[in-house]
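Enquirer: Test case, fold it:
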Amino acid sequence: MLVLSRKPGESLRIGGDIKVTVVSASNGQVRVAIEAPDDVAIHREEVYERIVRANIEAARASSEVAKSVPSGSKARERVGQR
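Expert: Below you'll find the predicted structure:
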């Protein structure tokens, strides 16, 4: 892990297309502005963890649904074609 010190108004670059600027720092809280391409997802850590858990649960549920369709049935063939 890289640890950097920045003052308000100062920035850092991640790769060539992501810029993180410290907007303010006071009372133990830091505000940052992030400039990144539209295809780069940016989430707070706790939100990202919820997304990952939801995706795992959705995949697990989808797998259980596929397992519940009788083998050799037309419905199972349709599920597999998606």
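
Enquirer: CA atoms for contacts and neighbours, from now on please.
Expert: Fine.

Enquirer: give me the number of residues near Ser11?
Expert: Ser11: 16 surrounding residues under other C-alpha atoms under 10 Å.

Enquirer: now the strands for this protein?
Expert: 11-14, 18-26, 29-35 (DSSP state E).

Enquirer: winner for burial among those?
Expert: strand 18-26 (a mean of 14; mean count of other C-alpha atoms under 10 Å).

Enquirer: Packing partners of that strand?
Expert: strand 11-14, strand 29-35 (3 or more C-alpha pairs under 8 Å, 6 or more residues apart in numbering; DSSP states H and E).

Enquirer: pLDDT on that strand, on average?
Expert: For strand 18-26, mean pLDDT rounds to 97.

Enquirer: Please enumerate the helices of the protein.
Expert: In the chain, the helices defined using DSSP state H lie at 45-68, 74-81.
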